[in-house]
Each structure stands twice: as structure tokens, then as C-alpha cells.
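1. Curious how this folds, go ahead:
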Amino acid sequence: MEKSDFITALKNIKYRKSFADRRGNINGISMRTTDLAIEALEKQIPKKPIANISDVPVRIDHVMFRPGVAFYTCLICGTPTAPTQQYCVECGQRFDWSKSGG
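-> Residues are numbered from 1 along each chain as shown. Got it, this is the predicted structure:
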């Protein structure tokens, strides 16, 4: 699926959530289930990790980054990540490694 598919699905679920009945159901689906679906869809929309430079060695998986060498952290949870990872190993956020701003 493309990024736009996830964004469209997310907007649709949030819109339908606004019409929840008095019991907190949307067409028979509980609000908790809807909230979990929204959370999962938001993690599928790629976000750029934060570039960092440390003055001490940083270990990510089996790779040791020397002081002064750039490494990345997840924008959502702050977990260090290597530029070969497509998703955060801690929170599941999808990464956008493109050079452009999108």
C-alpha cells in the first residue's frame, strides 16, 4: 500500500469515529478497536528518523558507531536505529529514508 492509502484510511476511520453511538460503538465495532486501528495506521505512514551525532560511541544492533558519526533515532519513541531498518524495533513506526522532504 502507498502512503496515500494509509492516510485515506486513517481519515475515514477518524471521520466514522465522530459518529459513534451512545455505547461507544461504530457500526458494531468498539471504540477501543477503532483506536487500535488508528494507532496501527498512523505507524504505517513513514516518518523521517532524527539524525544525531554523539560524542560517545553508540551501539545499534551489532554495529558500533564512533563518536562524531551520524546515527538515527525513532521520531516517536527515541530508539536508536540503523539506516537499513524499515521499521522501529521498539514501537513499529515505519521510517522514511528518502532524501526529499516527504
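
2. Tell me the secondary structure at the residue of the chain most remote from its centre.
-> Ranked by distance from the centre of the chain (Cα atoms, centre = their mean), the top residue is Arg22, with 31.3 Å. The assignment at Arg22 comes out as coil when based on DSSP: H, G, I helix; E, B strand; the rest coil.

3. State the pLDDT value of it.
-> For Arg22, the model assigns a pLDDT of 75.

4. what packs against the helix or strand where Thr8 lies?
-> Assigned by DSSP states H and E, Thr8 falls within helix 3-17. Under the contact criterion of 3 or more Cβ pairs under 8 Å, 6 or more residues apart in numbering; DSSP states H and E, helix 3-17 touches helix 31-44. Yep, even glycine has a C-beta here, placed from its N, CA and C like the rest.

5. For the helix it packs on, output the C-alpha coordinates as PDB.
-> Written as PDB, here are the backbone C-alpha positions of helix 31-44 (Å, rounded to 0.1, in the frame of the first residue of the first chain):
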ATOM      1  CA  MET A  31     -14.100   2.500  20.300                       C
ATOM      2  CA  ARG A  32     -11.100   0.600  21.700                       C
ATOM      3  CA  THR A  33     -10.800  -1.400  18.400                       C
ATOM      4  CA  THR A  34     -11.100   1.800  16.400                       C
ATOM      5  CA  ASP A  35      -8.400   3.400  18.500                       C
ATOM      6  CA  LEU A  36      -6.100   0.500  17.900                       C
ATOM      7  CA  ALA A  37      -6.800   0.600  14.200                       C
ATOM      8  CA  ILE A  38      -6.000   4.300  14.100                       C
ATOM      9  CA  GLU A  39      -2.700   3.700  16.000                       C
ATOM     10  CA  ALA A  40      -1.700   1.000  13.700                       C
ATOM     11  CA  LEU A  41      -2.400   3.000  10.600                       C
ATOM     12  CA  GLU A  42      -0.500   6.000  11.900                       C
ATOM     13  CA  LYS A  43       2.600   3.900  12.300                       C
ATOM     14  CA  GLN A  44       2.400   2.800   8.700                       C
END
